[in-house]
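Participant: Predicted structure and sequence below. I'll ask about it afterward.
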Amino acid sequence: MLDLKDDIILATNMRERAYAKTSNYTVGAVLQTKNGKRYTGCNIENNGIQSICAERVAFCKAISEGETEFQKIVVMGGPKDKEAEKCLPCGYCRQFMNEFVDKNFKIYTVYNSKIEEYTMEELLPYSFKF
């Protein structure tokens, strides 16, 4: 069984750093490279322009450090100061991540003591059918 304990702790901590004044919906993400290095992200809302999702924050941090090969991402989100609920990357994040991962890249959502696993191909099926 996959051990996501450290990722869950990191994602929980990142939710606490989220800047979500408008929606009060906080998201934390932990991206792992194929060499095992982890990059974290939280959502950052902005009233003036498009907000930035936690997943894209984690990817941008990793890419800006020269990383190009990714294994998985763990995502946790929900209303501020409440337990996480099922939270998957939005369509924009799926398209963004698709640029940098293969169809077997794993996406995990953690909530209510559950862990659900998806592949990029499952969440964005038509992008791999060319």
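Facilitator: Looks like it came in fine. Nothing here was measured: the structure is a model prediction, and the numbers come from that model.
Participant: Give me the pLDDT value at Asn47.
Facilitator: pLDDT, Asn47: 82.
Participant: what about the helices in the chain?
Facilitator: 5-17, 54-64, 91-98, 120-123 (DSSP state H).
Participant: out of the ones you listed, deepest packed?
Facilitator: helix 54-64 (a mean of 21; mean count of other Cβ atoms under 10 Å). All C-beta spots, glycine's among them, are computed from the backbone N, C-alpha and C.
Participant: Enumerate residues external to that one that contact any of its residues.
Facilitator: Under the contact criterion Cβ atoms under 8 Å, 6 or more residues apart in numbering, helix 54-64 has outside partners 14, 18, 27-31, 33, 37, 39-44, 70, 73, 75, 77, 89, 92-93, 96-97, 100.
Participant: If you drop the residues flanking it in sequence, what lies closest to Glu116?
Facilitator: Nearest residue to Glu116 in three dimensions, chain neighbours excluded: Thr109, at 5.1 Å (Cβ to Cβ, 6 or more residues apart in numbering).
Participant: Could you tell me which residues make contact with the nearest residue to Val27 once chain neighbours are set aside?
Facilitator: Excluding its sequence neighbours, the residue lying closest to Val27 (Cβ to Cβ, 6+ apart) is Gly77, at 3.6 Å. Shown in contact with Gly77 (Cβ under 8 Å, 6+ apart): Arg15, Tyr25, Thr26, Val27, Gly28, Asn43, Ala54, Ala84, Glu85, Cys87.
Participant: just checking, which of the residues you listed belong to strands?
Facilitator: Counting by DSSP state E, the contacts of Gly77 place Tyr25, Thr26, Val27, Gly28 in strands.
Participant: among those residues, who's most crowded?
Facilitator: Counting neighbours by other Cβ atoms under 10 Å, Gly28 leads the ones in strands among the contacts of Gly77 with 31 neighbours.
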